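J.: Here is a sequence together with a model predicted from it:
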Amino acid sequence: FQNLPDWPYAPNYIDDLPGYEGHRVHYVDEGPKSDAPVFLCLHGEPSWAFLYRKMIPVFLAAGARVIAPDFLGFGRSDKPVEDAAYTFHFHRNMLKAFFERMDIHDVCLVCQDWGGLLGLTIPMDYPDRFTRLLVMNTG
């Protein structure tokens, strides 16, 4: 993960999400932390937040905050050893715990591939926090 092209973003980690204690979840968090729209960028499989390296600067230039987590098992996040851990609910519940921890509002969900399958379920649980959807190549 050293010297990646178009990737100047410092890593951030959370390792105490409820139900996921001890698993480090990596995420990018750039831009203003308050009073700005938030672009929540969810990658697909087999990629990670690096997928959004060309979009993050555009969102930041518009004055927005950008948050791009790596799902567990991808990118800079921890990789659980047991294959049985990698279920839809494992990833969705981690995403919900992450979303709750970040406590973000005025969110534009940006999702691609698996990021859409998982991410498009989240606005139903938090309809007052989402204002827009940017859906790309997902099922």
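T.: Alright, I've got the coordinates.
J.: sec struct for Asp29, please.
T.: The three-state assignment at Asp29 reads strand, by DSSP: H, G, I helix; E, B strand; the rest coil.
J.: I'd like the numbering to begin with 14 instead of 1 from here.
T.: I'll keep to 14 as the first residue from here, and by that count the last item is Asp42.
J.: Next, count neighbours for it.
T.: 17 (other Cβ atoms under 10 Å). Just so you know, the C-beta spots here come from the backbone N, C-alpha and C atoms, and that holds for glycine as well.
J.: Run through the bridge partners of it.
T.: Asp42 has the following beta-bridge partners by DSSP bridges: Ile80.
J.: Helices along this protein, start to end?
T.: For the chain, applying DSSP state H gives helices covering 69-74, 101-115, 127-132, 135-138.
J.: Redo those as a markdown table? Include distance to His56, mean pLDDT and mean neighbour count.
T.: Formatted as a markdown table, the entries for the helices of the chain read as follows, by distance: least, Cβ to Cβ, whole Å; pLDDT from 0 to 100; neighbours: other Cβ atoms under 10 Å:
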| stretch | distance to His56 | mean pLDDT | mean neighbour count |
| --- | --- | --- | --- |
| helix 69-74 | 12 | 98 | 16 |
| helix 101-115 | 11 | 97 | 17 |
| helix 127-132 | 5 | 96 | 22 |
| helix 135-138 | 15 | 96 | 14 |
